[in-house]
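In: got a predicted model here, sequence first, then my questions.
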Amino acid sequence: MSNSGPATSTSRVSESLKQQPEKHKVAVIIPARNEARRISHTVRACRALPGVDLLIVVDDGSEDNTGDHARQAGAVVVRHSVTRGKASALETGVKVAAMRDLAKGLPRHLLFLDADLGESALEATSLIDAVQRGICDCAIATLPKQKGAGGHGFVVGRARKSIRRATGWHANAPLSGQRCITRKAVNDIMPFAPGWGVEVAMTIDLLVKGYTVQEIPCDFTHRATANDLMGYMHRADQFKDVWKATALRRVHRHRIPVRERVQAAIRQTAGSPYNAYEKFVDDEQE
């Protein structure tokens with residue numbers, strides 16, 4: 001892994017989207033494991049999202065009938081015979097979506113959602129809209145505090161600090177998995193970091209390669225991780241995977257150069273699109 005600088009299109013990825021007379025369709029990709037109780041509600045809500053014409057549920061080695069419920073609700077179901085983790089499930093979904101794109105049509109944007117959102121999945125409308133209008137290449141949801149949520153912020157703090165060190169961007173929701181992203185951008189950052197480090201690594205990789213990201217408030221609700229043994233074990237796994245993903249990028253100096261990083265951090269406005277190279281490119285041309 002190396003710091004190759006911004007993608008050749010830099011921030012003009014969004015400009016190219018604005019100029020498209022035809023809107024991209026959207027494929028929803030939902031990694032799921034043992035989510036039989038809520039997956040059908042999530043899938044049905046996604047069917048009402050604007051632009052969505054493909055729903056893919058990747059059943060990651062479930063021990064219940066998650067796949068059956070998803071299929072009955074109208075999703076295309078792909079099953080891993082054994083649990084391979086969230087990153088692998090997302091990659092499978094991306095590949096299946098690519099196989100179903102029309103050869104002469106526009107590639108679909110991709111909407112990554114958790115399986116337990118239920119009817120609140122409709123909140124993803126604002127994520128789709130931001131990418132469809134070319135405001136950003138990746139729209140990331142910020143969620144309200146979830147009822148019953150535990151934790152002491154160690155994992156979030158670590159993730160936020162790692163993103164800021166590498167890119168200058170202060171992320172409010174560095175672990176958010178609810179994201180809409182262009183096909184070009186996602187192809188440019190695959191393969192994903194394994195395990196629970198996938199979101200943090202995805203954000204760093206996008207920004208280092210010159211793509212624009214934006215956080216957008218969405219009133220999603222999902223099952224929160226509690227302060228019990230299982231909750232602590234889950235957060236320990238998260239911390240380990242986030243540490244591995246970010247440490248690997250530090251070792252390989254996969255980051256935005258200091259000048260652009262510092263300038264972009266100073267200019268940053270909460271909730272606005274962020275691209276560390278955009279202003280720098282404009283300044284050089286003046």
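Out: Received, thanks. Nothing here was measured: the structure is a model prediction, and the numbers come from that model.

In: from residue 269, how far out is the residue nearest to the spatial centre of the chain?
Out: The centroid of the chain falls nearest to residue 179 when counting by C-alpha atoms, centre = their mean (3.8 Å). Using C-beta to C-beta, to the nearest Å, residue 179 is found at 20 Å from residue 269. C-beta: built from backbone N, CA, C; applies to glycine.

In: same thing with residue 78?
Out: 40 Å.

In: and if you look at residue 239?
Out: Taken as C-beta to C-beta, the span from residue 239 to residue 269 is 30 Å.

In: which one's more surrounded, those two?
Out: Counted by other C-beta atoms under 10 Å, residue 239 and residue 269 do not tie: residue 239 has more neighbours, with 17 against 7.

In: find the helix or strand that the more buried one is a member of.
Out: helix 229-251 (DSSP states H and E).

In: where along the stretch 101-250 of the chain do the helices fall?
Out: Assigned by DSSP state H, counting those that start in this stretch, the helices in the stretch 101-250 of the chain fall at 125-132, 154-167, 183-189, 198-208, 229-251.

In: so which of those is the most packed in?
Out: helix 198-208 (a mean of 26; mean count of other C-beta atoms under 10 Å).

In: okay, the angle between that one and helix 229-251?
Out: 30 degrees (axes from the mean of the first three to the mean of the last three C-alpha atoms, to 10 degrees).

In: so what does helix 198-208 touch, helix or strand wise?
Out: helix 86-99, strand 138-142, helix 154-167, strand 179-181, helix 183-189, strand 213-217, helix 229-251 (3 or more C-beta pairs under 8 Å, 6 or more residues apart in numbering; DSSP states H and E).

In: and the first one, which residues are buried?
Out: If I follow you right, that is helix 86-99. Neighbour counts over helix 86-99 (16 or more other C-beta atoms under 10 Å) mark 86-94, 96-97 as buried.

In: closest to residue 188 among these?
Out: residue 94 (11.9 Å; C-beta to C-beta).

In: can you pull the contacts of that closest one?
Out: Listed by C-beta atoms under 8 Å, 6 or more residues apart in numbering, the contact set of residue 94 reads 29, 110, 186, 190.

In: look up the pLDDT of it for me, please.
Out: Residue 94 carries a pLDDT score of 98 in this model.

In: for residue 112, same thing?
Out: At residue 112, pLDDT is 98.

In: then the one 5 residues further on?
Out: According to the per-residue confidence, residue 117 scores 95 in pLDDT.

In: show me where this protein dips below the pLDDT cut-off.
Out: 1-21, 146-152, 223-232, 234, 279-286 (pLDDT under 70).
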